[in-house]
Each structure stands twice: as C-alpha cells, then as structure tokens.
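Undergrad: need a 3D model of the sequence below.
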Amino acid sequence: MGWPGVPWGFGKWSGSRGRVVRDVLRLSLVEPAASRPTHQGLLVIECNIDDAPGEFLGSDLQDDLREQGAVEVFLMSTQMKKGRPGTQLTALTPPDRLDAVTDWLLERTSTIGLRWHEVERKELPRRSYRVETPYGSVAVKEVTSPSGARRIKIEYDSIRRISRQQGMNPQQAQLALLAMVSEGQEN
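TA: Just a heads-up that it's a prediction; the model follows:
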C-alpha cells in the first residue's frame, strides 16, 4: 500500500472528574493495493523436445499446460545435439503446481527430463472488461503502471472477429476499435 498523506490535528475533551484531556488525532490515507505492481515467486520449468511434430506443440499443448496451473507457456526453436532442430518449452508456474505441470509434461510430451528454477516476477495490476461498440462487444484488458498511468489493449479475439465481420485487415480493426473504446463505457 502507498501512503499519499497523513493528516493530523490537535483536540481536547473533558475527561472523567472534569479534567481537560488534550489529544492528537492522526488519520492515515492509503492507496488500494490493486494499484501497485505485485511481486510473485514462481518456478521456470524447461524441457527440450526434438522428436515431436509441430502439431503436438501448438495451442492445445499450451492450453492444457495452463489448465495444469502454468501462468505462462512459450516455445523457442533451439539446436539439439548432433545439430538436430528442436524446441525448448518453458512454463512459468506457481510452486504449488510444480508436480502437476512436470507430471503432465513427462506424460504428454516426448521429453525424457526437465529442469526448473525459482524466479521472481513483478506484474502490473490488470483488469478485464467489455465495451460496447457499433461493431459489437469487445474484450479489453487494462493495466495500471506504478505512476498510475493506464494502458488498454483490445483482446485479439475481438479484433479478429470484427475484422472478419467488417472486411477490414486486423490493423484497421484495431485502430478503429481503440478509438471507440477510449470513448466507450465499461460494462
């Protein structure tokens, strides 16, 4: 929590037996915790895969890992032993989901081993909401920086849907929607 100010003032009151008691009142004003970045201890789990078809490494794998508790999943191309192309899979996971995520990886991928280490992550507070536009409802994500500045992003699924419906390319749809959302009302 932040401490934007601490007002105070002097006062007095009549106590028991007619004595005058002098006192000081201090009031602490605080900012809600949601407006500050959060720190979180997580685990980075990594494994290398060199014998899986690309279809096995697509969005289904990433969605399934998120269902197991991973908060982030990403893939990177890498070079394996003997010059073979491969993929390094990385999952960012809360410590209490380590067994669920590692067991899933060992059961559902062709990797024969994995590694993990602790990391810290600083994350901006965020909220998701919907805004009605002439093109329909769009999903919006908003983050607040430590200075209090807000940034909005329209979710890609909304951009894709509206670009297809309106015959626009995604960049045109994004620009049009950002202009509307900045004036729109939150639902």
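
Undergrad: C-alpha from now on. contacts and neighbour counts both.
TA: OK.

Undergrad: Val138 is in contact with Arg130, isn't it?
TA: Yes. Shown here, Val138 and Arg130 form a contact pair, counting by CA atoms under 8 Å, at 5.4 Å.

Undergrad: and Glu118, how far from Glu46?
TA: Distance, Glu118 to Glu46, by CA to CA, to the nearest Å: 12 Å.

Undergrad: so those two - more neighbours on which side?
TA: Legend: neighbour count by other CA atoms under 10 Å for Glu118 and Glu46, higher for Glu46 (20 against 13).

Undergrad: so who does the more buried one touch?
TA: Gln88, Leu89, Thr90, Ala91, Leu114, Arg115, Trp116 (CA atoms under 8 Å, 6 or more residues apart in numbering).

Undergrad: what's the weakest-modelled helix or strand in the chain?
TA: strand 8-14 (a mean of 61; mean pLDDT, DSSP states H and E).

Undergrad: grab the nearest non-local neighbour of Gly41.
TA: With CA to CA, 6 or more residues apart in numbering as the criterion, Gly41 has its nearest non-adjacent residue at 4.7 Å, and that residue is Glu120.

Undergrad: how near is the one you found to Leu106?
TA: Distance of Glu120 to Leu106, given as CA to CA: 25 Å.

Undergrad: what's the answer for Gln62, then?
TA: From Gln62 to Leu106 the distance is 14 Å (CA to CA).

Undergrad: got the buried residues for the helix or strand where Asp99 lies?
TA: Using DSSP states H and E, Asp99 sits in helix 98-108. Buried residues in helix 98-108, defined by neighbour count with 16 or more other CA atoms under 10 Å: Leu98, Val101, Thr102, Leu105.

Undergrad: ok, of those, which one's closest to Asp50?
TA: Among the buried residues of helix 98-108, Leu105 lies closest to Asp50 (CA to CA), at 14.0 Å.
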